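Chemist: Mind looking at a prediction? Sequence and model below.
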There are 2 protein chains.
Amino acid sequence: MEKQGILIVVSGFSGAGKGTIMKELLKRYPDQYALSVSATTRGPRPGEVDGTDYFFRTREQFEEMIAQDELIEYAQYVNNYYGTPKSYVQEQLSKGKDVILEIEIQGALKVKEKFPDTMLLFVSTPSAQILKERLVGRGTEDEATIHARLARAVQESEGIENYDYFVINDELSECVENVHALIRCEHNRVSRNINFINHIREDLSGFSKGE
Amino acid sequence: MEKQGILIVVSGFSGAGKGTIMKELLKRYPDQYALSVSATTRGPRPGEVDGTDYFFRTREQFEEMIAQDELIEYAQYVNNYYGTPKSYVQEQLSKGKDVILEIEIQGALKVKEKFPDTMLLFVSTPSAQILKERLVGRGTEDEATIHARLARAVQESEGIENYDYFVINDELSECVENVHALIRCEHNRVSRNINFINHIREDLSGFSKGE
């Protein structure tokens, strides 16, 4: 089998627990996975380390990265840029690590367009009711806020038809193993092993001619 | 998650051990899998049971099945018909069983055309050299026969680009678990859970409007 890593984009409903799943995945299988580190123009918060939590960049530096096509994807939120540097991801992939990236669906679909080999995974709660309960939380929010959050959850799933896998986070540990299995399985795809397969076919062809 | 079973077609090089893998899979997970039973016009051999080993049919009956579109695929070998009855497969799938079918690539691609949800899996030895050793066997065959078998192995892999998964049978037990994992993962595909996903979205949408 080939050693190139796979780029995995994880999306999902806010409150479905994708962050926790990814952290747990890295903790359990540190040799297999790498989390993508984002670049941002926002300033570091206390305790955040450059190159670990984020690559902290000035607006000029960030725009230079955009101009040089050095980002897999980027977006602007509240006057700050956030993006995924290509070089870090490619370095990890070529080491054979599977790189996990957490972004919302619209960004994910752009990544898939640029890198069709990307695996897209969506995390959901077992039901809408459970998601509602999590979003409602401790009942400190007013009804309008809750309705807005639920409307946002509907938006968060727009484009999901183009995703590869759908995972339910019911019990965390089970869900982590499920995601791990999905990524391992993805390594068995014919399209990811085509060089190896062609190598076998060439050898067989040679043998059949008595080489 | 949805309960509909998946149709899996297993192909592979002769000598790669697909038959053994499938039998072992059924033995380990009898509640999850069903093997498709073929229909044939050849007569039963001693010990073969109608409905278990094959559905034994007359040529007339078989041609009637073809005319009525009751076969998923069929082919003729040495003056006998062999085919896969649709009804048996659909019955097992609707019970939630994953149905495994062993046919060569050309037949498999026809099945995929008719039933795009079919999962195609190819089994290989770890290398061409190992396949050669298995085909050469005990050295009782002449060189021409061996070359013909190797040439046939090359043919057996034509169209593999259109397959979904590629599995190496190095150690049997490990390979069986790998195939089992691949089929389980396939149940997580977004396309196989779209009704469930739409159900969640409708509920969320209702909640966000205060229903």
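Modeler: Nice, I can see it.
Chemist: any chance you could read off phi and psi for residue A:12?
Modeler: Dihedral pair for residue A:12: phi 160, psi 170, per degrees, to the nearest 10.
Chemist: likewise residue A:165?
Modeler: Dihedral angles for residue A:165 - degrees, to the nearest 10 - are phi -130, psi 150.
Chemist: Please state the offset of stretch A:65-78 from the chain centre?
Modeler: 16 Å (C-alpha atoms, centre = their mean, to the nearest Å).
Chemist: mind checking the SS state of residue A:197?
Modeler: For residue A:197, the assignment made with DSSP: H, G, I helix; E, B strand; the rest coil gives helix.
Chemist: burial measure for residue A:183, as a count.
Modeler: Residue A:183 has 21 neighbours, counted by other C-beta atoms under 10 Å in any protein chain shown. Where C-beta positions appear, they are placed from N, C-alpha and C, glycine not excepted.
Chemist: Wait, it touches residue A:8, no?
Modeler: Yes: applying C-beta atoms under 8 Å, one finds residue A:183 in contact with residue A:8, separated by 6.1 Å.
Chemist: Now do the shared contacts for those two.
Modeler: Overlap between the contact sets of residue A:183 and residue A:8, as judged by C-beta atoms under 8 Å, 6 or more residues apart in numbering or on different chains, is given by A:98, A:119.
Chemist: Let me see the ranges of the strands in chain A.
Modeler: A:7-12, A:33-35, A:38-40, A:54-56, A:71-77, A:80-85, A:98-102, A:119-124, A:165-168 (DSSP state E).
Chemist: quick one, which of the ones you listed is nearest to chain B?
Modeler: strand A:165-168 (4.7 Å; C-beta to the nearest C-beta).
Chemist: What's opposite the residue nearest to residue A:103 when sequence neighbours are not counted in the beta bridge?
Modeler: Sequence neighbours aside, residue A:9 is the residue nearest to residue A:103 in space, at 6.0 Å (criterion: C-beta to C-beta, 6 or more residues apart in numbering or on different chains). Residue A:9 has these beta-bridge partners by DSSP bridges: residue A:101, residue A:120.
Chemist: Residue A:9: neighbour count?
Modeler: 29.
Chemist: Tally up the residues packed near residue A:133, please.
Modeler: Residue A:133: 12 surrounding residues under other C-beta under 10 Å.
Chemist: One more: the one 10 residues further on?
Modeler: Counted with other C-beta under 10 Å, residues neighbouring residue A:143 total 9.
Chemist: Name all residues that make contact with it.
Modeler: residue B:210.
Chemist: Next, work out how far apart it and residue A:136 are.
Modeler: According to C-beta to C-beta, to the nearest Å, residue A:143 and residue A:136 sit 10 Å apart.
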